[in-house]
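S.K.: what's the 3D shape of this:
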Amino acid sequence: MRNFGVALLACLALVSMTAPGAAATDYWAFGDSITRGGTPPSPAFPFGFFLDWPAGLDCTIAATSYPTKCGYHWRLENALALAGIPNDVFNRGVAGEGTPAAVSRIELAGEPLETSRCTDSNAGDVLLLMEGTNNVSAILAGFPGISTTTTKNDLGAMIQKATDKCVHSVVASTIRRLLAGTPLGTWTGDPLEPVTLELKNKIVALAGEKNRAYVDVWTALCPNQACYNVRFHARLVPGDPGHVNQNGYTTMAPIFQVPITLTPLPGAATLTGPSGDVTDSTPLFSWNEHAHSDWYFLEVDGGTGYERWHPEEDICAGGVCSFDPMSALADGDHTWRVRTRNLRGVGSWSASGAFSVWTAPPAASSPGYPNTDVFDTTPIYEWSEVANATEYDLEVDTNLIQQTYLASNVCSGGLCSATPATALAVGPHSWRVRTRNPFSNGPWSGTSAFEVLACSPLINDLPGATVSGTLLESACTELIVGNLGAYTVAAPGGDVTFHAGETVTIHNGFTVEESARFTAIVDK
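M.R.: Numbers count the residues shown, from 1 in each chain. Sure thing, here's the model as predicted:
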């Protein structure tokens, strides 16, 4: 877990640590006129009041009501780009806004929290929250219901809304204000105005409570009264808190840049579990916390309902992160991985982990062959494949053969088969199979009976003799060697005649192979 300290005040050298081709991170500058860079046109100011003085030369209004070249946001965008960090910074500042209005606006169409990013593994959006300066004026004016405590609560609500929609956030202090009642045209003020200072301290506390980076604009922008001469715009009316000018915004942008640029793009987390066979359909997913990651994206089976971002403060403790989605997985094989993320952007995927869920024993199999008379003393055994069985126990004559087979070795296309080496005696036999998986043994199948018959060839060496009978199993073979004359086998496929010195192998009455001898199998 990364603990954010109070603001870094020095600008950072622009050294890129971003991998080539990294996706751009979206930063949303959300605040009041200080963020916006001015005020929109009004009857009193038909051309608006832009704070990038003189004459708003740096300010442009696009098709939307938000300036594209006012305030700190575009300066921050340029600075991050120069540092090799792909980014887009969006100006979402509204002049005159207090935190009660901001809490409602932040989720409207086009605003930072209009949509959730929770299920987008590529989303690295960050909220740059700087609200509350206008609340100070309301507090000093005695506006009911507004205090430094309610302001902190409103800011906390916006941070929570961002977290709920998986948008990371940075919390900035308000700016210092000129002392209320200071005559127009003067540049002196009280940088320790007590309400502003009290609110600043509560914002520091809020950032710590929410484990969010804190940007100390209050101190860095204006460390003493002299700053009002060079970084603040002229005030409009007595009591105006003062606005930032071009020099001020040039100072502000690096203040936001520092915590972003100082944060290395996170690498890959290391998975710890689940792995292997588990008997829980809602397993706890665990991995080692990455030193530079504030968020983690959990993905199971390539994205089937488990995928979403999680803030580290919700799932990490003691260097370990864990999450139980509480949504049951089907029995069988699964894969999962985790992605990292922080202020800098979206980091690396972990290596994929694999595990299998087993929450019930397999069903029974059905025995097939052999289920009738055979002549083979080591017959092949065939039975039906069961979906969630990983092993099969084959038993012949109770104790004669007891063999266990991996499903992956003996099953294919819905059928399993095996041939034990133990030879059976002539006579009746029975067999069955039992299914098994890591959860437990399944039931035994029904018993199948069969009989091994003895081979009884009819041998006749007389010339011209006929060997008659019904051909059965080619696996049970006997040699009939003719020395003189010809031999004929009467079979279902027709009579086959063999001459002296010629032989053939016959299967079920059909000639299948000529060889150096002739072979025929007949009934007893």
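
S.K.: so what's the most centrally placed residue in the chain bridging to?
M.R.: The residue lying closest to the centre of the chain (CA atoms, centre = their mean) is residue 299, at 2.0 Å. Beta bridges link residue 299 to residue 337, judged by DSSP bridges.

S.K.: so what's it up against?
M.R.: Contact partners of residue 299, counting by CB atoms under 8 Å, 6 or more residues apart in numbering, are 121, 306-307, 336-339. From N, CA and C alone the C-beta is placed, and that goes for glycine too.

S.K.: cool, and residue 392?
M.R.: Counting by CB under 8 Å, 6+ apart, residue 392 has contacts 365, 383, 404-405, 407, 410-411, 416, 433-436.

S.K.: what pairs with whichever helix or strand it is part of, and is each one parallel or antiparallel?
M.R.: Secondary structure from DSSP states H and E places residue 392 in strand 391-396. Strands that pair with strand 391-396, judged by DSSP bridges, come out as strand 401-406 (antiparallel), strand 427-436 (antiparallel).

S.K.: give me whichever of those strands is most buried.
M.R.: Of all the strands paired with strand 391-396, strand 427-436 carries the top mean neighbour count, a mean of 19, counting by mean count of other CB atoms under 10 Å.

S.K.: and the next helix or strand past it?
M.R.: Later in the chain than strand 427-436, the nearest helix or strand by DSSP H and E is strand 441-444.

S.K.: that older thread, I'd like the contacts of residue 299 as CSV, with neighbour count appended.
M.R.: Listed next are the contacts of residue 299 as CSV, based on neighbours: other CB atoms under 10 Å:
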residue, neighbour count
121, 18
306, 17
307, 19
336, 24
337, 19
338, 27
339, 22
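
S.K.: now render those residues as TSV, adding pLDDT and distance to residue 266.
M.R.: Below are these laid out as TSV (pLDDT from 0 to 100; distance: CB to CB, whole Å):
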residue	pLDDT	distance to residue 266
121	95	14
306	83	21
307	90	18
336	96	18
337	97	14
338	97	11
339	97	9
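
S.K.: any weak-confidence spans in the stretch 301-450 of the chain?
M.R.: By pLDDT under 70, the weakly predicted segments of the stretch 301-450 of the chain are 304.

S.K.: all strands of the stretch 201-350 of the chain, in order?
M.R.: Counting by DSSP state E, counting those that start in this stretch, one finds strands in the stretch 201-350 of the chain at the ranges 213-215, 232-233, 243-244, 270-273, 276-278, 285-288, 295-300, 308-311, 316-317, 320-323, 332-342, 345-349.

S.K.: between the contacts of residue 392, which sits nearest residue 112?
M.R.: Distance to residue 112, by CB to CB, is smallest for residue 407 among the contacts of residue 392, at 52.4 Å.

S.K.: is it true that that closest one touches residue 391?
M.R.: Yes. Shown here, residue 407 and residue 391 form a contact pair, counting by CB atoms under 8 Å, at 6.2 Å.

S.K.: residues contacting residue 337?
M.R.: Residue 337 is in contact with 271, 299, 349-353, counting by CB under 8 Å, 6+ apart.
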